[in-house]
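> below: sequence and its predicted model.
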Amino acid sequence: MGLVKIPAMEKEEYDRLIAEGYISRIAFSGRKYPYIAPFLYVFDGQSMYFLSTKYGTKIQYFRQNPYVSVEVEKYTPDLSTYTFVTLSGRLVEVEDPAERKAIREKFIHLIEHNQLSKNVMAALGHSPEEPLESLVKGERSFVWKLVDVTNIVALKNG
């Protein structure tokens, strides 16, 4: 029996996968090994945005080398169907205050719409007891945008 290759997805398919999801993994260049961390994200149809706490190993790696790979996946519990997309690009810190505010508001909508636990606030640099609006007012996290995407691998099995 020969090698079976997983079929590639078209752009509209992987855009839909990204739009429907909200959890990703980002691989940073580490010292010896890649450093991979989970991130919530929002997608505006064009770009992916991430909130990052202002502490941790990822900050050091981001500052040393902002080139990353971002992976989003979706699968059934028995793995009978699965899709994933990996995008290679560069993270930049969003500097514009109005853009940062708009993205932070998208994160509030994401949390509310998906009925995520308030415990997710800790992953964004806030206490779970704080109101969601503190994501906008507190600015205790960086807003990152994925830009200069040079490689996209998007595969599905059915």
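Structure's in. What do you need? Numbers count the residues shown, from 1 in each chain.

> distance from the lowest-mean-pLDDT helix or strand in the chain to the middle of the chain?
Lowest by mean pLDDT, DSSP states H and E among the helices and strands of the chain is helix 134-138, with a mean of 87. For helix 134-138, the separation from the chain centroid amounts to 19 Å (computed by Cα atoms, centre = their mean, to the nearest Å).

> mind listing what's buried along it?
134-136 (16 or more other Cβ atoms under 10 Å). Using the backbone N, CA and C atoms, a C-beta is placed for each residue, glycine as well.

> so for the longest helix along the chain, mean pLDDT?
When the chain is scanned for its longest helix (criterion: DSSP state H), the result is helix 97-113. Taken as a whole, helix 97-113 has a mean pLDDT of 96.

> now for it, which elements pack on it?
Applying 3 or more Cβ pairs under 8 Å, 6 or more residues apart in numbering; DSSP states H and E, we find helix 97-113 packed against strand 35-43, strand 48-53, helix 134-138, strand 141-156.

> using CSV, write out every CA atom in that helix.
The C-alpha coordinates for helix 97-113 follow below in CSV (Å, rounded to 0.1, in the frame of the first residue of the first chain):
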residue,chain,number,x,y,z
PRO,A,97,-4.4,52.9,20.9
ALA,A,98,-7.7,52.8,19.0
GLU,A,99,-6.8,49.6,17.3
ARG,A,100,-5.7,48.0,20.6
LYS,A,101,-9.0,49.0,22.2
ALA,A,102,-11.0,47.6,19.3
ILE,A,103,-9.1,44.3,19.4
ARG,A,104,-9.5,44.1,23.2
GLU,A,105,-13.3,44.6,22.7
LYS,A,106,-13.3,41.7,20.2
PHE,A,107,-11.7,39.6,23.0
ILE,A,108,-14.5,40.5,25.4
HIS,A,109,-17.1,39.6,22.7
LEU,A,110,-15.2,36.3,22.1
ILE,A,111,-15.3,35.4,25.8
GLU,A,112,-19.0,36.3,26.1
HIS,A,113,-20.1,34.7,22.8
